[in-house]
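[1] Need coordinates for the below:
(2 chains)
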There are 2 protein chains.
Amino acid sequence: MTGLTVALDAMGGDFGPQVIVPAAVQALLQYPELKIKLYGDHGAIAAQLTLLNQHSHSRISIIHSDLVIADETRPSHALRRSQGTSMRMALDAVSDGEADACVSAGNTGALMALSRYTLKQLPGVDRPALVSAIPTHGLNKTWLLDLGANVSCDADTLFQFAVMGSVLAEQSLPSKPRVALLNIGEEEIKGNDLVKRCAEMLSNSPDIHYIGYIEGDQLYAGKADVIVCDGFVGNVSLKTSEGVANLFISSFKQAISTNPMKRLLAKWLFSDLFVSLKKLNPDQYNGASLLGLRGIVVKSHGRADTAAFANAIGEAVHEVKRQIPTKISDRLEEVLLERHY
Amino acid sequence: MTGLTVALDAMGGDFGPQVIVPAAVQALLQYPELKIKLYGDHGAIAAQLTLLNQHSHSRISIIHSDLVIADETRPSHALRRSQGTSMRMALDAVSDGEADACVSAGNTGALMALSRYTLKQLPGVDRPALVSAIPTHGLNKTWLLDLGANVSCDADTLFQFAVMGSVLAEQSLPSKPRVALLNIGEEEIKGNDLVKRCAEMLSNSPDIHYIGYIEGDQLYAGKADVIVCDGFVGNVSLKTSEGVANLFISSFKQAISTNPMKRLLAKWLFSDLFVSLKKLNPDQYNGASLLGLRGIVVKSHGRADTAAFANAIGEAVHEVKRQIPTKISDRLEEVLLERHY
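    Purely as a prediction, here's the structure:
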């Protein structure tokens, strides 16, 4: 181990070094023990550091890379051509033990494929899952997974998601996380076979505090700490929330646009509201973690701003300190033992 | 045909005659050509009519029924025990030609099962679909289906949904409806096999104006007139929207709760906003139509208020006037001919 070092793919996302370098500097202020390795175009990164008068920051190192994985590259193609790209080098740093975690705002499919290839899955994990914490009524959070890493899953995979989500959530909770399955009805009779089969597995697993089905309208109600679904459903659900948020904001602005006086009043009334609205796109706000690998990888949103990318770095630090991968593999081992004997 | 007669399951939903009878009276005012048959407890219905001074309304008839299908009844069980229930009698009225459409706020699963049993599917339809119009930025609507009638679909079923949704949407549009598939990425490479197979079928069908994939965050953006997905995804997506709307309303209220002055101002600023929010639960607002049957069935939300149930009756009237089932079967015939020859 190298203390607490996070490797950043400095070229990923819509803005690259322009956002990622300031975010790195912000994270270093927040975490005195943190070291950051920036992978990407040396000139562009150095230029940003100079702008911030941080060109010789003692806890930042730059590792040059000429190549970037484009957003539209297919995962399979990215995998074949990844050698020497900023994303691949940042991930290799984790697998080589030169860094404890990797954060990238680059091509999601490529990041997942490269992460699986370089870091490998933990024993007992069929597929890694993308997880993020969504806001709920009050101050609580709910961890939702999978957010799109797996478009189709079997019951075993969903079960593993429940275990992994539970391990991550319990780091931030006083008691055992309440785990629910996202379904189209709360009654036992509803839902598809996949969900029903996984429900049975969860009910029979003493290690998981399974509380049953939850419907989409309860996603933000804080009734569960971990909500599990396949990647297609999770992605649609998360993106739909983003769409509703946008619709709300536009109707909100429309309602006051006609009248400057109204605009002023609205600002005074709802200064905090828009902040909470932003959190409705949690992967944009916090980043999403790739769980189930032999290393820590956090995906920041492609359009993430400095604050959002800094949050993603913070999430990586959180997971390093709590050694999430080790905890997940230990828990999976226990659970699998239970199920077999 | 009996002119324009709608049969109402007066006992369905959380409020029964208390909401449904006033809604019927409201609809009769709106549609002078409309006749309504109320199926349910004669005493309870008559009592409501008396309250409204409409006990001898010339366009209302009451058909007594002792039995109601409970909300928690399994569809299979409801099917076996449906004889003489208000829902079954209202549906039989349609299959017997005594009514042109049926509206019920009762048990969704039972309504779908009974509708299929009494009315039968149209030729070329594997499964009926639940469809509703969701609001978008501006004044447009987008028809989303399936909303939960089918938890798992194959590509052919999704294709039929696209055709049926297209027929319904074009009744309210000046040009050919733009049809999209709900997916987790706009790129061709993304999504699951089901969606990819259906995309290929749609691209090869000249009768459908297929515009490609759409993501959840674009659901309310008005980029498509018809959005197609399986019932599990559609239901989660719609319910999630409801959940986000509730989260908004609560943060909104929280922001002003502390201060009566703020409450007053907010009321003045955003009187219209809450109305538009309500529309985010379209099935509660408009009802959802069951497409693909040899008759017209509209499902009103169980918690629908008088206005919402009246809207559901209005949707039924709209579909009767435009003879949606006939149009759907004609279109499906054309499309299937094209695909086979």
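[2] what's downstream of the longest helix that chain A contains, the next helix or strand?
    If you go by DSSP state H, chain A has its longest helix at helix A:231-257. Next helix or strand after helix A:231-257 toward the C-terminus (DSSP states H and E): helix A:260-270.
[3] same question for that next one, mean pLDDT?
    With pLDDT averaged residue by residue, helix A:260-270 scores 75.
[4] packing partners for it?
    helix A:231-257, helix B:231-257, helix B:260-269 (3 or more CB pairs under 8 Å, 6 or more residues apart in numbering or on different chains; DSSP states H and E). Just so you know, the C-beta spots here come from the backbone N, C-alpha and C atoms, and that holds for glycine as well.
[5] Switch those over to TSV; also include distance to B:Asp193 and mean neighbour count.
    Converted to TSV, the helices and strands packed on helix A:260-270 look like this (distance: least, CB to CB, whole Å; neighbours: other CB atoms under 10 Å in any protein chain shown):
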stretch	distance to B:Asp193	mean neighbour count
helix A:231-257	11	22
helix B:231-257	14	22
helix B:260-269	48	14
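[6] Please identify which of the ones you listed is closest to A:Asn150.
    Counting by CB to CB, A:Asn150 lies closest to helix A:231-257 out of those; the figure is 4.2 Å.
[7] Which neighbouring elements make contact with that closest one?
    strand A:129-135, strand A:141-145, strand A:178-182, helix A:260-270, helix A:273-278, helix A:282-285, helix B:231-257, helix B:273-278.
[8] Relative to the whole chain's centre, how far out is it?
    Put simply, helix A:231-257 sits 19 Å off its chain's centre (CA atoms, centre = their mean, to the nearest Å).
[9] quick one, that helix and helix B:231-257 angle?
    Counting by axes from the mean of the first three to the mean of the last three CA atoms, to 10 degrees, helix A:231-257 lies at 40 degrees to helix B:231-257.
[10] Let me know the angle separating helix A:231-257 from strand A:178-182.
    Using the same axes, to 10 degrees: helix A:231-257 against strand A:178-182 is 90 degrees.
[11] okay, the angle between helix A:231-257 and helix B:260-269?
    Interaxial angle of helix A:231-257 relative to helix B:260-269 (the same axes, to 10 degrees): 90 degrees.
[12] who touches A:Arg81 in this structure?
    A:Arg81 makes contact with A:Ile69, A:Thr73, according to CB atoms under 8 Å, 6 or more residues apart in numbering or on different chains.
[13] of all the helices and strands packed on helix A:260-270, which lies closest to B:Gly295?
    helix B:231-257 (20.3 Å).
[14] Only C-alpha atoms, please: export whichever strand or helix holds A:Lys37 in PDB.
    Per DSSP H and E: A:Lys37 is located in strand A:34-40. Taking C-alpha atoms only, strand A:34-40 is exported to PDB below (Å, rounded to 0.1, in the frame of the first residue of the first chain):
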ATOM      1  CA  LEU A  34      -4.300  12.300   0.300                       C
ATOM      2  CA  LYS A  35      -1.800  12.100  -2.600                       C
ATOM      3  CA  ILE A  36      -3.000  12.400  -6.200                       C
ATOM      4  CA  LYS A  37      -1.500  11.000  -9.400                       C
ATOM      5  CA  LEU A  38      -2.700  12.800 -12.500                       C
ATOM      6  CA  TYR A  39      -2.600  10.700 -15.700                       C
ATOM      7  CA  GLY A  40      -2.900  12.500 -19.000                       C
END
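[15] The helix or strand following it packs against which elements?
    Toward the C-terminus, strand A:34-40 is succeeded by helix A:42-51 as the next helix or strand (DSSP H and E). Applying 3+ CB pairs under 8 Å, 6+ apart, we find helix A:42-51 packed against helix A:17-30, strand A:60-64.
[16] For B:Tyr210, find the nearest of these.
    helix A:17-30 (36.5 Å).
[17] what comes up buried for stretch A:16-32?
    A:16-28, A:31 (16 or more other CB atoms under 10 Å in any protein chain shown).
[18] Is it possible to get JSON lines of these that adds pLDDT and distance to chain B?
    Output for those, formatted as JSON lines (pLDDT from 0 to 100; distance: CB to the nearest CB, whole Å):
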{"residue": "A:Gly16", "pLDDT": "95", "distance to chain B": "21"}
{"residue": "A:Pro17", "pLDDT": "97", "distance to chain B": "26"}
{"residue": "A:Gln18", "pLDDT": "97", "distance to chain B": "24"}
{"residue": "A:Val19", "pLDDT": "96", "distance to chain B": "20"}
{"residue": "A:Ile20", "pLDDT": "97", "distance to chain B": "23"}
{"residue": "A:Val21", "pLDDT": "97", "distance to chain B": "28"}
{"residue": "A:Pro22", "pLDDT": "97", "distance to chain B": "26"}
{"residue": "A:Ala23", "pLDDT": "97", "distance to chain B": "23"}
{"residue": "A:Ala24", "pLDDT": "97", "distance to chain B": "28"}
{"residue": "A:Val25", "pLDDT": "97", "distance to chain B": "30"}
{"residue": "A:Gln26", "pLDDT": "96", "distance to chain B": "27"}
{"residue": "A:Ala27", "pLDDT": "96", "distance to chain B": "27"}
{"residue": "A:Leu28", "pLDDT": "96", "distance to chain B": "32"}
{"residue": "A:Tyr31", "pLDDT": "96", "distance to chain B": "30"}
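[19] Next, count neighbours for A:Glu33.
    11 (other CB atoms under 10 Å in any protein chain shown).
[20] Hmm, it is touching A:Ala27, no?
    No - using CB atoms under 8 Å, A:Glu33 makes no contact with A:Ala27, being 11.3 Å away.
[21] for chain B, what are the nearby residues on the stretch 51-200 of chain A?
    A:72, A:74, A:109, A:135-137, A:148, A:151-152, A:182, A:184, A:187, A:189-193 (CB under 8 Å from any CB of the partner chain).
[22] Could you tell me which of the residues you listed belong to helices?
    A:Gly109, A:Asp193.
[23] picking that back up, using CSV, lay out the buried residues of stretch A:16-32 together with distance to B:Leu337.
    Below are those laid out as CSV (distance: CB to CB, whole Å):
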residue, distance to B:Leu337
A:Gly16, 53
A:Pro17, 58
A:Gln18, 56
A:Val19, 55
A:Ile20, 56
A:Val21, 61
A:Pro22, 61
A:Ala23, 58
A:Ala24, 62
A:Val25, 65
A:Gln26, 63
A:Ala27, 62
A:Leu28, 67
A:Tyr31, 66
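[24] hang on, the earlier thing: on contacts alone, who are the packing partners of the strand holding A:Lys37?
    By 3+ CB pairs under 8 Å, 6+ apart, strand A:34-40 packs against strand A:4-9, helix A:17-30, strand A:60-64, helix A:86-95, helix A:306-321.
[25] ok, and which of those has the densest surroundings?
    Burial of the helices and strands packed on strand A:34-40 is given as mean neighbour count (mean count of other CB atoms under 10 Å in any protein chain shown); strand A:4-9 ranks first at a mean of 27.
[26] got the contact list for it?
    A:20, A:24, A:27, A:31, A:33-40, A:86-87, A:89-91, A:93-94, A:98-106, A:313, A:316-317, A:320-321.
[27] buried sites along stretch A:164-178?
    In stretch A:164-178, counting by 16+ other CB under 10 Å, buried: A:Met164, A:Gly165, A:Ser166, A:Val167, A:Leu168, A:Ala169, A:Glu170, A:Pro177, A:Arg178.
[28] rewinding a little: please enumerate residues in contact with the strand holding A:Lys37?
    For strand A:34-40, the surrounding residues in contact (CB under 8 Å, 6+ apart) are A:2-11, A:16-17, A:20-21, A:24, A:27-28, A:45, A:59-65, A:68, A:86-87, A:89-90, A:93, A:98-99, A:313, A:317.
[29] Below-threshold pLDDT in chain A: ranges please.
    Residue ranges of chain A with pLDDT under 70: A:1-3, A:138, A:186-190, A:271-284, A:340-341.
[30] what distance separates the start and the end of stretch A:31-49?
    Taking CA to CA, to the nearest Å, stretch A:31-49 runs 18 Å from one end to the other.
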